[in-house]
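**Q** following is a predicted model, sequence given first.
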Amino acid sequence: MKLNCDLGESFGAYQMGLDAEVMPLIDQANIACGFHAGDPTVLVNTLTLAKHHQVEIGAHPSYDDKQGFGRRSVNMAADELKHLLWYQIAAVDGVAKSLGLELSYVKPHGALYNDMMASPALLETLMQAVASYHKPLKLMLLATGSAKQHKQLAEHYKLELLFEAFADRRYKKDGSLTPRSQAGSVLDHQAALVQVQQLLHSGTVQSDTGQTVAIEADTLCVHGDNPAALALVQSIRQLLATT
């Protein structure tokens, strides 16, 4: 299983995350496109870091919400959202190409990701947007009990999907994530390692109500925005190396 992480989220004098420390530990970097975080220089530096460590790169677009870090929903017409996505994807794609890199996938950020998973119509809009980009790109989304239906819809658009699981988030019985507003939604270091071990060995997780939930994931999302998160990424990387 691959590890992916959201990176490139600094802006000007404001430093976010531990990108230089995390990049050597992961397989896929979801790179901010400037609409929730990031700026042109941060984008170049993050891509250069990914190139040095031979990390696969993905665009991490969001709603136009830098003040809210992309965590607020924005009601948009389907065409407007498609154009917003093309604009952001093209920014990462173009800079990557200038550095001798190839963009390979798209992972929506924050509220856009959550809204996509909650709304079939919005998910279809995102699939249409990514599928109609000028070159083939994969779309990363949450692995849930609806993965079979998501695959069928993606096949209609000739779009390849990447299903992701989360190392440190508690799951609900339908395979969705427990909202961060609820107690226990974020797992501590040891609980997260137990969840990752279960995912690796049986392809399942335990829900917040105790049910065993099947999760077929291609990639595991980890966070590296503080020293404790970095320590968890290091532990997961060691766990993958011994499994």
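**A** Looks like it came in fine. In this text, all values refer to a predicted model and were calculated from it rather than measured experimentally.
**Q** apart from its neighbours in sequence, what residue is nearest the most centrally placed residue in the chain?
**A** Centroid-nearest residue in the chain, with Cα atoms, centre = their mean: Lys107, separated by 4.8 Å. Using Cβ to Cβ, 6 or more residues apart in numbering and skipping residues adjacent in sequence, the residue nearest Lys107 is Met140, 3.9 Å away. Backbone N, C-alpha and C define where each C-beta goes, glycine included.
**Q** ramachandran coordinates for the residue nearest to the centre of the chain?
**A** phi -130, psi 110 (degrees, to the nearest 10).
**Q** so it sits against Glu56, correct?
**A** No: assessed by Cβ atoms under 8 Å, Lys107 is found out of contact with Glu56, at 11.3 Å.
**Q** so where's the longest helix in this structure?
**A** The helix spanning the most residues in the chain, taking DSSP state H as the definition, is helix 78-98.
**Q** distance between the helix or strand just after that one and the chain's centre?
**A** Sequence order places strand 103-106 as the next helix or strand after helix 78-98, per DSSP states H and E. Centre-to-centre, strand 103-106 and its host chain are 11 Å apart (Cα atoms, centre = their mean, to the nearest Å).
**Q** residues in contact with strand 103-106?
**A** Strand 103-106 has contacts (Cβ atoms under 8 Å, 6 or more residues apart in numbering) with 28, 56-61, 85, 89, 92-93, 96-97, 130, 137-140, 162.
**Q** and stretch 135-153, by the same measure?
**A** 4, 30, 58-59, 89, 93, 103-108, 113, 116-117, 123-124, 126-127, 130, 154, 159-165, 174-177, 213-219.
**Q** what do you get for stretch 114-128?
**A** By Cβ under 8 Å, 6+ apart, stretch 114-128 touches 73, 78, 81-82, 85, 108, 112, 139, 141-142, 144, 150, 153-154, 157, 159, 176.
**Q** could you rerun that using 10 Å?
**A** Outside stretch 114-128, the residues that touch it by Cβ atoms under 10 Å, 6 or more residues apart in numbering are 61, 63, 71, 73-82, 85, 106, 108, 112-113, 139, 141-142, 144, 146, 149-150, 153-154, 156-157, 159, 161, 175-177, 179.
**Q** ends of stretch 26-34, what's the gap?
**A** 22 Å (Cα to Cα, to the nearest Å).
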